[in-house]
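Asker: build me a model:
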Amino acid sequence: MADTRLILLKILTLVVFPVFLWLGGCDRGPSEHGGPPPGPRAVSVVTVKPQRVELSTELPGRTAAFRIAEIRPQVSGLIKRRLFTEGTDVKAGQVLYQIDPAEFQAALDNAKAALAKAEANLPAIQLRADRFKELLATKAVSQQDYDDATAALKQADAEIEYWKAQVKTARINLGYTKITAPIPGRIGPSNVTEGAIVTAYQPTPLATIQQLDPIYVDVPRSTTELLRLKRRLQSGNLDHNGRDQTKVRLILEDGMPYLLEGTLQFRDVSVDPTTGSVTLRMVFPNPEKVLLPKMFVRAVIKEGVREAAILVPQQAVARTPKGEPYVLVVGAGERVEMRMLKLDRAIGDKWLVDSGVSPGDRVIVEGLQFVRPGMPVKAAPFHEGKNAMGARGGDGAGQDTRPGGGA
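Answerer: Numbering: from 1, shown residues only. Take a look at the predicted model:
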């Protein structure tokens, strides 16, 4: 009986073991059987084309009043009236304060009276000097008497001139009792009220007027950027547009654009040693008083035009572990090639490229994570807004949106 069982076990082993071997062979891939390799990966590409690009730089800055006038008294006295409303617009020459004029009016009247007295004495002194001159010819008077009469006449003339000057001074001081606005603009709060005693040319202003239309915008710019811009112009990479280069646009604190265009007025010649920058000053019309002094804004300054600029989508740009930017392109033989880039700045959703790719290169935009340099690929045109590959550029592409990032 035991021999029969042993014989049956050997028969089952001989039958079942080949079956398992056959089933195991069915699970192996085609490559293990010497089948064809997988086909090229499909990628989406953008063909590089040179285009005309107007380059501009967005810089932070602050507004400043076009003119500022601190109102101070030119004579001492008591403030009798304040003749303006705080926070309103005033005109040049408008009376702001009235100092009590009584004392200054009395000084003017006194000077006028003294002038009249001196002028009244002049005719008699003039006649006396004329008579002495005639008598001197006949020796009827001495030379000394004639000299005394002539001196008295000159003294009378000098006294008249003195009192004329005193009248003029008194009239000026009386006019100074009306404190007027030297410039048009918006006046701030008053530092004094009626009844306050003020002194001539005191250090504390009575009020401050700021002219807001037009208004300045002061923007610092690094000397490094200025030198770089100069080199681009000298090399011919940038082309100035003449008068258009002085036009400046403005972006407000809330991100909305300012509707009126400004003009670049001048560039300071002194470098701030703490920041290594110079100040650019622009002038903007401000009829609606939207811009107020010390407001933070961003100025968009035109640099020039690059006639044959090369732009690549930001999602196509990847970076090495060292942060160096590169792209993958479809090269000869439909194989992937790696190109290191030198970037200038971000323009919208694209990078402006200084070097690394040339017109006609096919830059891979979609499918970057599935390919490596040297791999064969099947390229198809990239259509913005469509994600046919189900994947977008990897390796941190387009993360650095700072101007000049990775350059």
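
Asker: ok, Ser270 - contacts?
Answerer: Going by C-beta atoms under 8 Å, 6 or more residues apart in numbering, Ser270 touches Val278. Placement of C-beta: from N, CA and C, glycine included.

Asker: mind starting the numbering at 22 from now?
Answerer: Got it, first residue is 22 now, which makes that one Ser291.

Asker: separation between it and Phe87?
Answerer: 21 Å (C-beta to C-beta, to the nearest Å).

Asker: pull the lengthiest strand in the chain out as CSV, backbone CA atoms only.
Answerer: Looking across the chain with DSSP state E, the single longest strand is strand 72-92. C-alpha atoms of strand 72-92 as CSV (Å, rounded to 0.1, in the frame of the first residue of the first chain):
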residue,chain,number,x,y,z
GLN,A,72,10.0,89.3,-30.7
ARG,A,73,9.9,93.0,-29.9
VAL,A,74,9.7,93.6,-26.2
GLU,A,75,9.5,96.9,-24.3
LEU,A,76,11.5,96.6,-21.1
SER,A,77,10.5,98.5,-18.0
THR,A,78,11.4,98.3,-14.3
GLU,A,79,9.0,98.6,-11.4
LEU,A,80,10.6,100.4,-8.5
PRO,A,81,9.2,101.4,-5.1
GLY,A,82,9.1,105.0,-4.1
ARG,A,83,7.2,107.7,-2.2
THR,A,84,5.5,110.9,-3.1
ALA,A,85,6.6,114.3,-2.0
ALA,A,86,5.0,117.7,-2.2
PHE,A,87,5.9,119.8,-5.2
ARG,A,88,6.5,122.9,-3.0
ILE,A,89,6.3,123.3,0.8
ALA,A,90,5.9,126.7,2.6
GLU,A,91,6.2,127.0,6.3
ILE,A,92,4.2,130.1,7.4
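
Asker: now that strand: buried residues?
Answerer: 74, 76-77, 80, 82, 84-87, 90, 92 (16 or more other C-beta atoms under 10 Å).

Asker: flag every buried residue along the helix or strand that it is followed by.
Answerer: Counting by DSSP states H and E, the element after strand 72-92 in chain order, helix or strand, is strand 98-103. Buried residues in strand 98-103, counting neighbours by 16+ other C-beta under 10 Å, are found at 98, 100, 103.

Asker: likewise for stretch 307-315?
Answerer: 307, 312.

Asker: just how off-centre is that stretch within its chain?
Answerer: 15 Å (C-alpha atoms, centre = their mean, to the nearest Å).

Asker: and what of stretch 200-207?
Answerer: On C-alpha atoms, centre = their mean, the centre of stretch 200-207 falls 28 Å from that of its chain.

Asker: residues in contact with that stretch?
Answerer: By C-beta under 8 Å, 6+ apart, stretch 200-207 touches 86, 88, 90, 92, 94-95, 108-120, 208, 227, 230-233, 310.
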